[in-house]
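Participant: show me the folded form of this:
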Amino acid sequence: MNEQDFTRNRKQPFTASLLLMINFLRKSLTIEIDGFLSYLKGHFHLIKLQGFTSSAFIQNRKKINPKVFQHLSAVITENFYTSENDGLKLWNGFRVLAVDGSRITLPNTAELRKRFGAAKNQSEVEIVQAKTSILYDVLNKITLDAILDGQDKGEQELALRHAHCWQKKDLIIYDRGYPSYDFMSEHIVKKTE
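Facilitator: Below is the predicted model:
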């Protein structure tokens, strides 16, 4: 984001753009924007957002640094896991966490191809793919960490990179593709660091 971005009073302020982005968008952008504006007007009486268009949103979205979402997620998570939270669900005193990985197909651009690599599908067409790993609190339905990296990274390697989120009383569940003696050893070492 440049210093000049979002500095004037705009029809589409930074906070509104950010709030729309963190919504789980499932419909066309125009329908989502209309619903979003109706919600804001109904709950917060924000009538000034009349010129909030798809085109303006797409332009503003490019100006927002993706690291803002990592920061917001960390703040939300930190504030959720407090002793004052009566809604915190535990199993026998443990947080129940699950880890899983997947491949994600990304837009086929030169920049993404260079960063994540390309793979060929059944028809020999090259597609850009990345590997992802998610650490998820099963009982509280919160994603604690998400990693997106090159397709050359292994599931176990990515799973161990979630270690900064682990706490002493965590029960971490993996599917059958993860366990090995090396993985368990690395897990124990990371847990005691």
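
Participant: and the helices in this protein?
Facilitator: For the chain, the helices defined by DSSP state H occupy 14-22, 29-44, 54-63, 67-80, 110-116, 155-160, 181-192.

Participant: give me whichever of these is most buried.
Facilitator: Ranked by mean neighbour count, the helices of the chain are led by helix 155-160 with a mean of 18 (mean count of other C-beta atoms under 10 Å). Placement of C-beta: from N, CA and C, glycine included.

Participant: got the contact list for that one?
Facilitator: 99, 101, 131-133, 147, 149, 174, 177-178, 180, 182-183, 186-187, 190 (C-beta atoms under 8 Å, 6 or more residues apart in numbering).

Participant: repeat that for 10 Å
Facilitator: 99-102, 131-135, 147-149, 154, 166, 172, 174-175, 177-180, 182-183, 186-187, 189-190 (C-beta atoms under 10 Å, 6 or more residues apart in numbering).

Participant: how about the contacts made by the spatially most central residue of the chain?
Facilitator: Centroid-nearest residue in the chain, with C-alpha atoms, centre = their mean: Ala146, separated by 5.6 Å. Going by C-beta under 10 Å, 6+ apart, Ala146 touches Phe69, Gln70, Ser73, Thr132, Ser133, Ile134, Leu135, Tyr136, His162.

Participant: Ile104 now?
Facilitator: If you count contacts by C-beta under 10 Å, 6+ apart, then Ile104 has Phe116, Val128, Gln129, Ala130, Lys131, Thr132, Leu148, Gln151 around it.

Participant: apart from its neighbours in sequence, what residue is nearest the first one?
Facilitator: It refers to Phe116. For Phe116, ignoring the flanking residues on the chain, the nearest one in space by C-beta to C-beta, 6 or more residues apart in numbering is Ala130 at 4.2 Å.

Participant: verify the stated contact: that neighbour with Leu112.
Facilitator: Yes - taking C-beta atoms under 10 Å as the definition, Ala130 is a contact partner of Leu112 at 8.0 Å.

Participant: who touches both of the two?
Facilitator: Leu106.

Participant: mind checking how far Leu72 is from Ile58?
Facilitator: Going from Leu72 to Ile58 by C-beta to C-beta, to the nearest Å gives 21 Å.

Participant: now Ala119
Facilitator: According to C-beta to C-beta, Ala119 and Ile58 sit 28 Å apart.
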